[in-house]
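Engineer: need the 3D shape of this:
(4 chains)
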There are 4 protein chains.
Amino acid sequence: MKSEKDLKQYSIRTDLLVDVFDINQQEEGIVSKVEEYDDIKVLEVSITKEENKLHKKKGRYVTISYQDVTDKVNAKNLEKVVIAELKKIFAYLEIQEKQKCLVVGLGNRKATPDALGPKTVEQILATRYLYEIEQIQVDPNYRNVATFIPGVTGDTGIESSDIILGIIDQIKPDFVIVIDALASSSMDRINKTIQITDSGIHPGSGVYNNRKELSYETLHIPVISIGVPTVIEAFVLVSDTIQYLLKHFSYNKETYHKNKLIPVTMRDYLEHTNELSKEEKTRLLGELGNLEEEEIKELIFEVLTPIGYNMMVTPKEIDFVIEKTSEVLALAINKSLHKNFDI
Amino acid sequence: MKSEKDLKQYSIRTDLLVDVFDINQQEEGIVSKVEEYDDIKVLEVSITKEENKLHKKKGRYVTISYQDVTDKVNAKNLEKVVIAELKKIFAYLEIQEKQKCLVVGLGNRKATPDALGPKTVEQILATRYLYEIEQIQVDPNYRNVATFIPGVTGDTGIESSDIILGIIDQIKPDFVIVIDALASSSMDRINKTIQITDSGIHPGSGVYNNRKELSYETLHIPVISIGVPTVIEAFVLVSDTIQYLLKHFSYNKETYHKNKLIPVTMRDYLEHTNELSKEEKTRLLGELGNLEEEEIKELIFEVLTPIGYNMMVTPKEIDFVIEKTSEVLALAINKSLHKNFDI
Amino acid sequence: MKSEKDLKQYSIRTDLLVDVFDINQQEEGIVSKVEEYDDIKVLEVSITKEENKLHKKKGRYVTISYQDVTDKVNAKNLEKVVIAELKKIFAYLEIQEKQKCLVVGLGNRKATPDALGPKTVEQILATRYLYEIEQIQVDPNYRNVATFIPGVTGDTGIESSDIILGIIDQIKPDFVIVIDALASSSMDRINKTIQITDSGIHPGSGVYNNRKELSYETLHIPVISIGVPTVIEAFVLVSDTIQYLLKHFSYNKETYHKNKLIPVTMRDYLEHTNELSKEEKTRLLGELGNLEEEEIKELIFEVLTPIGYNMMVTPKEIDFVIEKTSEVLALAINKSLHKNFDI
Amino acid sequence: MKSEKDLKQYSIRTDLLVDVFDINQQEEGIVSKVEEYDDIKVLEVSITKEENKLHKKKGRYVTISYQDVTDKVNAKNLEKVVIAELKKIFAYLEIQEKQKCLVVGLGNRKATPDALGPKTVEQILATRYLYEIEQIQVDPNYRNVATFIPGVTGDTGIESSDIILGIIDQIKPDFVIVIDALASSSMDRINKTIQITDSGIHPGSGVYNNRKELSYETLHIPVISIGVPTVIEAFVLVSDTIQYLLKHFSYNKETYHKNKLIPVTMRDYLEHTNELSKEEKTRLLGELGNLEEEEIKELIFEVLTPIGYNMMVTPKEIDFVIEKTSEVLALAINKSLHKNFDI
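Structural biologist: As a prediction, the model looks like this:
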């Protein structure tokens, strides 16, 4: 089939650290820690070396993993964890109470899975004009906050990074928070992961453009980006499904003699490790069965891309999930920025 | 793997006749005809026997196949073909100029790929209140038209068919046009097919509910439904991709010695017939390679459904495509219904 | 100017009882009561005689008067009062916990001041399909509720009352709640009044059409309508302003010698009673100054209507006020209908 | 009543030249010309002296007056006139075919009468990213155009002028077009006037803030602003109505003996000149009747403002009018900017 060399030509890009990070592999310059709050897991990874095996920029990466956000109780718990993590990152970056924030929502308001940024930012309390325009006395428990939704290049003809740089230049915030919907390289993480990082962002990088970076290095102010994977590309779905297919065979083989009355939960299945032998895999899936996961991804990418079929995959209830996720994020950001927001 | 018996348990449902129709297979009680207008192909199938191999209801099924609707020229040509086909079906159903029409847009306004019905109906010129409410003299070149968007059961708690039946009962139209977004069982047809049929519709049937039918049999007035496939389910994407994978191997094998400078167009590839032998298929994909297309679909469905991953697949530019498709449909319906719409 | 006879030809229509009710005038068949909860005043009027001086239908009219709903504390207090009043009216109408409700939002989603009904209903939890369609076991602390937004006749060509009657006929609820934005005949009440009544509603009556009534008499089930005045017509603004002009002169005359340092609050001014003599009024406003308030309204209506200038008047921040009012109403209705909504 | 001195304290601000311009008054440094195209009137005024009686900035002011834009024929004619006037102003400002344009839509998308700018700009074809980002060969008949919708300060906390300056600084267009909804000082002009000027704009000036100017002087590139009056403030409505009241009395007096069968059109009435004597005015409206138009405006402003009732007045069908006006403007701008837009 494909030579090793061919396989390396295409390198799958993803904005999620967890898509490439393996907690069991130790590496110099990378420190990690996991905490759990009931159902919610927080993985904190610090990358301190510019050159690292993950090909990720230096910085802190906080990955919050959670279950269904459309459940009220889950949403409330998630909100608390996000607030706690935002406050930690503010402390780490030495952001002061009086410092001015610009909150930016990237993405396309008109395309449901990409609307997370705009929808979140619409709910952020902007106070800057009270501070600077009307020169009134503002309650100091409300921070000086401006918000912005740059829209998409296809509509405006302008790169988001240019718009954001232009505004930063005019209003000179002390730090920036950017919210964006991401593509994931795994079905398991869609709408179940929030990544918070201070390592900067390339607006629009999800569509493989080499655009301008927004980061401490380029702006000289902290840039906190909050990303949620809301779609996967078709090639990811197909290659993930091939893995599930192997799990399916393996799971059924093993559980064949077990009592059929014990209900199989989704988790049993997902957490099952595929135990098929090389021979079994070859019998079932031929050469395909013996490719590495990454090789399958690249093969499928190569099959779908030239025919224009590398489509976008989302859960059926995506509009409701985006609504609820944006509510959690907006509440968490508002409460982290404004001391008195709650009252 | 799976026995023949298991495979038959699940029968894939689709609302598109072309998903199950093969023009090369003759069958009693089914008459078909194909016409081409440049890029646009119109397949007309009449099913005259209630019991038929396609398991489809009696009626006329017009399937219009076209290329990219976001191109202005294509859109204009498509509009003309849709108008012609609507007028033919009006003539066939003996719909008179003075007869009153109700146009219904099914689907969820908030979920982009499902918004086709509501978006189309928003652009239909409703004149009924001029005729019946305000009792003024109406230009007879404008038909008496009412429109309605019932919304989705998840929001209203009411089945669309109940809402529509209630309204028909109150306003007593002479015929009904229903516009709906459909799921397709093939990636090739998404946003490239319009089906017009007089065989009736089951609102909401796309989500596997056994709901009330809207048809001539139940309403005693003609029901014309216009459907456009705008999504596929994940299992279709995966099983289609497996077919492309085989084509990919076969195509590459054959074209290996050809001049690499000849550009491969998407069509060359899609229209290529997979010529792999049974042995080659087994070598490449193992037992999977020797399953029939339909068997693969069922297997993948069985793998994805229990883990809740049978997601929805759409093209990336879906919001723009839906906008343009709804414009074409609305113009075609307006011009078919109202003689003077254009002027 | 105008003769008494002319003045009677036009009779100003309003849907608010308080526009025509004077608490100081006793009348047989009309019983009233006022309660106050801090800033919020609740006037309850029962009309028990079909023929009455107010030209209002028999029934209970609850009028809740409040201040700025965009203030969080006010909104919370208002929500509590609305819940209490809804529960009282449910008890009075002997509505049982198991009884099924249909909640209808009248008005035009696209015109901000008229969007109150649709915006409120979008936030109501509809559960009916759980009860009736999917036949699952529903938590009995959630009532069987369906919702509906009929849209406007100009868009659909169908009268709202026809749509609602059709749906009631299909789904057979035990009672109906209708939410609508109203026109007021006084600037003081815009976005500061909620009227709840069981006397029925004429959808669309705000635009002077004589449409079908939805009421206990026509439907044989209780109909509770909730109305909020969100606009006034231009003629009301002009005639109210003429009254303010007189107050302005009177107030300035009286306060002329008072200490100018005492700040004049809006309330001082609004609650000031015009004490000008007939001579003063004539000097200031000529014959106009000696017309009764109602006569001025009719005169202005007569001046503006033929030139097409009887426009719509709203506060500048109307979109924000409608958003907040719809949130209060939706929370109050959800909590009144569903015992466990809060939890 | 009020002394001359008091009356001068408040000076009504308006962005429309026609609100202050009288074609019959000659003045040095001001040149004007009127052209008519059927129903559409174009007034072109050039102000060449910085110090002028109109207190307007130097520049060209083109005022297009038209009738109901919701009529298809009117809309088409208006579009042609707007294209012609835009092309004239491009020629006058020596704008070249290859020069890059930024089109900005000011105003609040969520408040119907203020949504004209955003709604127009959403329909402008932005091509800049084709030119500058993806470095492909662009058809030279499409100009390099970027678009932007800055939103409102209340939402973002940032002044529109800051956002626009920031973007101009980043993308360096050769000229700017700004579209905005305006307040008018006369009911007669609402949704019936388009003003095009090269004299610059103060974003947000409609709400009496002294914001940063966008003009040739500040940006060193041409700034063309297109404004349409879509609202009036309440005090304008009231004072205009008092004038109509006088016209009403005068008109009725004069036409009293005429044949009542001749229908009175709106125009007869509006164009009627009030011929009442000073005595008649005093009898009818007292001292009010003898105030100048401007004095009445100021008096009403003074009455309504302290009680928070200087509301916003719009026609009832405002959402439809805004939709149609934005379509005309967008088509005219697209066709003026892009040579091949039409094809």
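
Engineer: quick one: the helices in the stretch 101-250 of chain A, in order.
Structural biologist: Ranges of helices in the stretch 101-250 of chain A, per DSSP state H, counting those that start in this stretch, are A:116-121, A:128-132, A:153-156, A:160-171, A:216-219, A:234-255.

Engineer: make CSV out of the ones you listed and add mean pLDDT.
Structural biologist: Formatted as CSV, the helices of the stretch 101-250 of chain A follow (pLDDT from 0 to 100):
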stretch, mean pLDDT
helix A:116-121, 97
helix A:128-132, 84
helix A:153-156, 87
helix A:160-171, 93
helix A:216-219, 89
helix A:234-255, 83
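
Engineer: what's the most buried one of the ones you listed?
Structural biologist: Burial of the helices of the stretch 101-250 of chain A is given as mean neighbour count (mean count of other C-beta atoms under 10 Å in any protein chain shown); helix A:116-121 ranks first at a mean of 26. Any C-beta I mention is one placed from the backbone N, CA and C, and that applies to glycine too.

Engineer: skip ahead from the lowest-mean-pLDDT helix or strand in chain A and say which helix or strand is next.
Structural biologist: The weakest-scoring helix or strand in chain A, judged by mean pLDDT, DSSP states H and E, is helix A:4-9 (a mean of 31). Once the chain leaves helix A:4-9, the next helix or strand it forms, by DSSP states H and E, is strand A:30-37.

Engineer: what parts of the stretch 51-200 of chain A come near chain B?
Structural biologist: Residues of the stretch 51-200 of chain A lying close to chain B by C-beta under 8 Å from any C-beta of the partner chain are A:Asn108, A:Lys110, A:Ala111, A:Thr112, A:Met187.

Engineer: residue of the stretch 1-150 of chain A closest to chain C, please.
Structural biologist: At 9.0 Å from chain C, A:Lys72 is the closest residue in the stretch 1-150 of chain A, using C-beta to the nearest C-beta.

Engineer: relative to C:Thr120, how far out is that residue?
Structural biologist: Going from A:Lys72 to C:Thr120 by C-beta to C-beta, to the nearest Å gives 21 Å.

Engineer: likewise A:Pro150?
Structural biologist: 32 Å.

Engineer: cool, A:Tyr66 as well?
Structural biologist: 31 Å.

Engineer: now do A:Ala115
Structural biologist: 23 Å.

Engineer: check A:Val152 too.
Structural biologist: 32 Å.

Engineer: what does A:Thr147 give?
Structural biologist: Using C-beta to C-beta, A:Thr147 is found at 27 Å from C:Thr120.

Engineer: same check, this time on A:Ile190
Structural biologist: 32 Å.

Engineer: same thing with A:Met187?
Structural biologist: In terms of C-beta to C-beta, A:Met187 sits 37 Å off from C:Thr120.

Engineer: same deal with A:Lys88?
Structural biologist: A:Lys88 is 40 Å from C:Thr120, by C-beta to C-beta.

Engineer: what does A:Lys110 give?
Structural biologist: Distance from A:Lys110 to C:Thr120, by C-beta to C-beta: 25 Å.

Engineer: repeat for A:Thr282
Structural biologist: Going from A:Thr282 to C:Thr120 by C-beta to C-beta gives 62 Å.

Engineer: now do A:Phe148
Structural biologist: Distance from A:Phe148 to C:Thr120, by C-beta to C-beta: 30 Å.

Engineer: quick one: low-confidence parts of the stretch 51-200 of chain A?
Structural biologist: Low-confidence segments of the stretch 51-200 of chain A (pLDDT under 70): A:133-135.

Engineer: which residues of it lie near chain D?
Structural biologist: Contact residues, the stretch 51-200 of chain A versus chain D (C-beta under 8 Å from any C-beta): A:122, A:126-130, A:133, A:144-149, A:151, A:153-159, A:162-163, A:165-171.

Engineer: mind redoing it with 6 Å?
Structural biologist: A:126, A:128-129, A:146-148, A:153, A:156-158, A:162-163, A:165-167, A:169-171 (C-beta under 6 Å from any C-beta of the partner chain).

Engineer: got the domain ranges for chain A?
Structural biologist: Here chain A is described, according to automatic domain parsing, as comprising the domains A:13-230+A:314-337, A:236-313.

Engineer: please compute how far the shortest one lies from its chain's middle.
Structural biologist: On the basis of C-alpha atoms, centre = their mean, to the nearest Å, domain A:236-313 sits 24 Å off its chain's mean C-alpha point.

Engineer: now do the strands in the stretch 201-343 of chain A.
Structural biologist: A:223-233, A:312-314 (DSSP state E, counting those that start in this stretch).

Engineer: which strands border the last one, and is each parallel or antiparallel?
Structural biologist: The strands beside strand A:312-314 in its sheet (DSSP bridges) come out as strand A:223-233 (antiparallel), strand B:312-314 (antiparallel).

Engineer: which of those strands has the lowest mean pLDDT?
Structural biologist: With a mean of 87, strand B:312-314 has the lowest mean pLDDT of those.

Engineer: tell me how far it lies from the chain's centre.
Structural biologist: 15 Å.

Engineer: A:Asp169 and C:Thr305, how far apart?
Structural biologist: A:Asp169 is 54 Å from C:Thr305, by C-beta to C-beta.

Engineer: please read the previous query as pertaining to A:Tyr244.
Structural biologist: Distance of A:Tyr244 to C:Thr305, computed by C-beta to C-beta: 70 Å.

Engineer: what of A:Lys33?
Structural biologist: Distance from A:Lys33 to C:Thr305, by C-beta to C-beta: 73 Å.

Engineer: between those two, point out the one with more neighbours.
Structural biologist: Neighbours per residue (other C-beta atoms under 10 Å in any protein chain shown) separate A:Lys33 from C:Thr305, with C:Thr305 holding more: 14 against 11.
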